[in-house]
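Asks: 3D model of this:
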Amino acid sequence: MVDQTVDQTVDQTVDQTVEPAANEGSEESLTLWQQIQEDWKAHGCDWTKPGFRAVAIQRFGVWRMSIKPILLRAPLSIFYRSLYRKVRNTYGIDLPYTVQLGRRVVIEHQGAIIIHGDSVIGDDCIIRQGVTLGNRYLDRPLEAPILGDRVNVGAGAKILGQVHLSDDVNIGANAVVLSDVPAGETAVGIPAKVLKSKAE
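Replies: You can find the predicted model right below:
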């Protein structure tokens, strides 16, 4: 009952707020099949990898929202929800279709990977097992992390709240990130701090 209520609420929200764009060269300019082909190559051309399957189903979830009218979309939504729950419950990868997922995002391995539905993940990012992208405060449940392009997140890292990780950031394993990280930097520890270069 709770799952159905949440799904219906999310569907209604996305119906009202998400309109496919036509940006040249962006994810929206690719067909679903082209996106999945890119993801398959990014995952080493191995369709059995749980990360690839989770990403492919997320793409399908986004695509089916473009189907009008809603009566035609309904069976696709039922199919999507069954696949989403299968991946979540079998592989431990919770990647809702509401995530703004960039191109060629790689999910390495599986297990305890939780991605907040309002998260933004840029192109060519890598997410590993045990990673959480979540909200930080109970009274601000919609605040979620924003990752730039080519962000490399180590196993077990937790990125909490509306923090912004710029392009080419590296997050160490098991780090807890609670603040923004500038482009090209590496952050480690609890709470995560940017590593200083030897020259400093």
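
Asks: which helix of the protein spans the most residues?
Replies: Within the chain, and with DSSP state H defining each element, the longest helix by residue count is helix 70-91.

Asks: Check which residues of it are buried.
Replies: Of the residues in helix 70-91, those with enough neighbours to count as buried (16 or more other CB atoms under 10 Å) are 73, 77, 80, 81, 83, 84, 87, 88, 91. (Glycine included, C-beta is placed from N, CA and C.)

Asks: Farthest pair within the residues you listed?
Replies: Farthest-apart pair in the buried residues of helix 70-91 is 73 and 91; separation 25.5 Å (CB to CB).

Asks: need the next SSE after the helix-or-strand element of the chain with minimal mean pLDDT, C-terminal direction.
Replies: The element with the least model confidence among the helices and strands of the chain, by mean pLDDT, DSSP states H and E, is helix 2-17, at a mean of 44. Taking DSSP states H and E as the definition, the helix or strand that follows helix 2-17 towards the C-terminus is helix 32-42.

Asks: for that next one, what is the average pLDDT?
Replies: For helix 32-42, the mean pLDDT works out to 97.

Asks: Need the residues that contact that helix.
Replies: Outside of helix 32-42, the residues within contact range by CB atoms under 8 Å, 6 or more residues apart in numbering are 27, 30, 46-47, 52, 55-56, 59-60, 63, 103-106, 124.

Asks: quick one: which of the residues you listed sit in strands?
Replies: The strands in this structure, assigned by DSSP state E, contain residue 106 from those.

Asks: neighbour-wise, which of the contacts of helix 32-42 leads?
Replies: Highest neighbour count within these: residue 55, with 27 neighbours (other CB atoms under 10 Å).

Asks: Mind pulling the model confidence for that one?
Replies: In this model, residue 55 is scored at 98, pLDDT.

Asks: Tally up the residues packed near the closest residue to it other than its chain neighbours, please.
Replies: Nearest residue to residue 55 in three dimensions, chain neighbours excluded: residue 39, at 4.8 Å (CB to CB, 6 or more residues apart in numbering). Residues near residue 39, counting by other CB under 10 Å, number 25.

Asks: Make 35 the first number, not 1, from now on.
Replies: With the count now opening at 35, the last piece we talked about shows up as residue 73.

Asks: quick one: residue 73 from residue 157, how far?
Replies: Taking CB to CB, to the nearest Å as the measure, residue 73 and residue 157 are separated by 12 Å.
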